[in-house]
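**Student:** Mind looking at a prediction? Sequence and model below.
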Amino acid sequence: MKQQSITSLPPSPEAERRSRMIKYTIAMSIRVLCIFAMLFVQGWWLAVCAAGAIFLPYIAVVLANVGSPNRQSTVLRPGGLVLRTPPANDGPTDAPHQADAPRQADATPEADRDERGAA
């Protein structure tokens, strides 16, 4: 009986590792049976057993590394992020107004000449 979970968390790393090891062990046991059967069979059964002995290591690794079917790609969390807009700037603030800010001169020499007057 599968234990019910109140969250959508993925299985623990230990449980996932155990599941992958079981899949890999089963596939490699079938490979050993194929190698053993190659000693006793003839004809096209020999080719089937040889193909199993050759390709089952690859299949075993792929099966062991495939994620579990009930695993979700994202973890659901309670609540969520709510985007809030900043309050409207209707009232007076502590920031200086544009008229109160000190005037900065342009870095060009022509602007300096115009501000000081004609020389």
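**Tutor:** Here it is on my side, so go on.

**Student:** Name the nearest residue to Tyr24, ignoring sequence neighbours.
**Tutor:** Excluding the flanking residues, the one nearest Tyr24 by Cβ to Cβ, 6 or more residues apart in numbering is Ala64, at 4.1 Å. C-beta here means a position set from N, CA and C on the backbone, and glycine is covered the same way.

**Student:** so the one you found touches Thr25, yeah?
**Tutor:** No: under the contact definition of Cβ atoms under 8 Å, Ala64 does not touch Thr25, with a separation of 9.1 Å.

**Student:** For the two, indicate the residue with more neighbours.
**Tutor:** A count of neighbours by other Cβ atoms under 10 Å puts Ala64 above the other of Ala64 and Thr25, at 18 against 12.

**Student:** That one: what's it in contact with?
**Tutor:** In this structure, Ala64 makes contact with Arg20, Met21, Lys23, Tyr24, Ala27, judged by Cβ atoms under 8 Å, 6 or more residues apart in numbering.

**Student:** Which pLDDT value does the model give it?
**Tutor:** At Ala64 the predicted local distance difference test score is 80.

**Student:** for Met28, same thing?
**Tutor:** Looking at Met28, its pLDDT reads 91.

**Student:** how close does it sit to Trp45?
**Tutor:** Using Cβ to Cβ, to the nearest Å, one gets 21 Å for the distance from Met28 to Trp45.

**Student:** residue contacts, Thr85?
**Tutor:** So, once contact is read as Cβ under 8 Å, 6+ apart, Thr85 ends up touching nothing.
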